[in-house]
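*Asks:* need a structure here:
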Amino acid sequence: MLGGTLAVAGLTWREAWRYRLWLVPVLAAAVVWAFVGHAATAEAGDATRLLTAIASAAAGFCGLLLAALVPAQQLTRDIEQRIVLTAFPKPLPRLGWLLGRWLGSLLIAGACMALVALAGAAAVSWRAGGIPTLRAAVPASAVFRLTALGEAVPLPHGVVRLAGPAGDGVRWTFSGLDPAADDYEILVQAQVSSLDADIVESVPVQVAVLLPDGRQQPLLLDPRSPYGRPPPDASMPNANAWLANRSSERRSLANDWARFALPPGSIDRQGQLTVQLTRLDPRSLLQLGREQAVLARPAGPLPLHALRAVLAELATPAVIAAAALAVGAIAGLPVAALAAFTLAFAGHALWTVHEVLSWNEMSRPLTRLLDLLVRLVPDFAVTGQGTRLASGEAVGWAEVGRAWAAVLPHLAALLLLGWWMLARRQV
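*Replies:* Residues are numbered from 1 along each chain as shown. Next comes the predicted model:
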């Protein structure tokens, strides 16, 4: 069956090429490059994030469009024109034919998404003046509040507000690191304000690392870090960073974090690292937690991670293509395409259903119906990687595996349903 399945997949590819579906990713790539001129007026960091988000959205749209239309059109045509009458008597079962159409559609969607993603990476590199290097971020394993007397108190909720006399701070601990690595960076950000309700542009702090021998060594701010630089009138002694207010939505590793180079020998033999931030201005108020410090290291150029993001986001078109085949086995092209697009829109809007359920103001039947919808419809938000790319964070193979694992039950159920529907037809 494997040979026949691959043959049908190749046939699906050739038919799509004959219908000039390659024009879809070409037009999408042209749209991405059309935004380069608009992004030229923005700052470099904002422009690269905008272009990355646009390229990711365009690639995802191409994948959904092709995954919904290609398998539905080809399978319904095979049934209506009785092409399957010549295929099924041969040693190719219905499941092999169905999987071939699904695999071929997935290859088409993936190739088009990769083309748009690479075009977006080229646009971002052109706007940034070079190919950006993404970072792999390691979260802290533990966080402690550091009192002015030097006492470290665990934070059960992971967030603390620092106010009052200066000298208090936060201490982060990282575990499972490579002691021999010399390319780690410490990234820190904070939510800041003033106790006297004045407008605060930045707050002076000292970020230091605790060496294995017990000494405390202040870190040097990366000169290329746009966040954390001292203002022109800075005069606070011992400060090595001035943190401006950053909310949880500002997560760009390249622009919204103060970057510090980690000196050699900072990681002990057990692979642990301790970093602490000390508040120096008694008039300032800082809100810090576990997520306000990460350990990062270079993880490769943007095009490499853009292709990995395509592999992760391809999980969504895989489900859409399976749904189009399942419905196309019993209905025509319009119904199959409508069902596929409806599933795509519902899977991307499940967050609204969760928000509605949290209100607890609906009738019991409606609540049960929405709860059933949440359980049956796959959540496509977990497969998207555009936010990670826009924030400069690397996309690893673990993200690809998690994206496919999240939709695997729905994918298997839809393919089995399509096979069952196709087996019940008198063809």
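*Asks:* ok, now which ones touch the most centrally placed residue in the chain?
*Replies:* The chain has Gln385 as the residue nearest its centroid, 2.6 Å off, counting by Cα atoms, centre = their mean. By Cβ atoms under 8 Å, 6 or more residues apart in numbering, the contact set of Gln385 is Ser56, Arg308, Ala309, Ala312, Glu313, Val395, Glu399, Ala403. All C-beta atoms are positioned from the backbone trio N, CA, C, and that covers glycine.
*Asks:* so the first one sits right up against Ser391, yeah?
*Replies:* No. Applying Cβ atoms under 8 Å as the test, Ser56 and Ser391 come out as separate, 11.5 Å apart.
*Asks:* and those two? which has more neighbours close in?
*Replies:* Ser56 (26 against 21; other Cβ atoms under 10 Å).
*Asks:* which SSE is the more buried one in?
*Replies:* Assigned by DSSP states H and E, Ser56 belongs to helix 44-80.
*Asks:* Report the rounded mean pLDDT for that helix.
*Replies:* The average pLDDT within helix 44-80 is 86.
*Asks:* Assign Leu369 to helix, strand or coil.
*Replies:* Of the three states, Leu369 takes helix under DSSP: H, G, I helix; E, B strand; the rest coil.
*Asks:* Can you report how many residues neighbour it?
*Replies:* 11.
*Asks:* So in terms of bridging, what pairs with the closest residue to Gly228 other than its chain neighbours?
*Replies:* Take Gly228 and drop its neighbours on the chain: the residue closest to it by Cβ to Cβ, 6 or more residues apart in numbering is Ala258, 2.8 Å away. Beta-bridge pairing for Ala258 (DSSP bridges): Val188.
*Asks:* gap between Ala258 and Ala293?
*Replies:* 10 Å (Cβ to Cβ, to the nearest Å).
*Asks:* can you tell me which residues contact Gly10?
*Replies:* So Gly10 contacts Gly104 (Cβ under 8 Å, 6+ apart).
*Asks:* rerun that using 6 Å as the cut-off
*Replies:* Applying Cβ atoms under 6 Å, 6 or more residues apart in numbering, we find Gly10 in contact with no residue.
*Asks:* Now the helix or strand hosting it: buried residues?
*Replies:* Using DSSP H and E, Gly10 sits within helix 2-18. Going by neighbour count (16 or more other Cβ atoms under 10 Å), the buried part of helix 2-18 is Gly4, Thr5, Val8, Ala9, Thr12, Trp13, Glu15, Ala16.
*Asks:* Next: stretch 125-140.
*Replies:* Buried residues in stretch 125-140 (16+ other Cβ under 10 Å): Ser125, Arg127, Ala128, Pro132, Leu134, Arg135, Ala136, Ala137, Val138, Ala140.
*Asks:* again, but for stretch 247-265
*Replies:* Arg251, Ser252, Leu253, Ala254, Asn255, Asp256, Trp257, Ala258, Arg259, Phe260, Leu262.
*Asks:* How about stretch 387-395?
*Replies:* Counting neighbours by 16+ other Cβ under 10 Å, stretch 387-395 gives Arg388, Leu389, Ala390, Ser391, Gly392, Glu393, Ala394, Val395 as buried.
*Asks:* Contacts for it next, please.
*Replies:* So stretch 387-395 is contacted by 49, 52-53, 134, 136-137, 251-254, 299, 305, 308-309, 385 (Cβ under 6 Å, 6+ apart).
*Asks:* Narrow the residues you listed to those in strands?
*Replies:* Mapping those onto strands (DSSP state E) picks out Leu134, Ala136, Ala137, Ala299.
*Asks:* re the thing from before, what's the closest of the buried residues of stretch 387-395 to Gly120?
*Replies:* Leu389 (8.8 Å; Cβ to Cβ).
*Asks:* Now do the same contact list for Gly100.
*Replies:* Thr5, Val8, Ala9.
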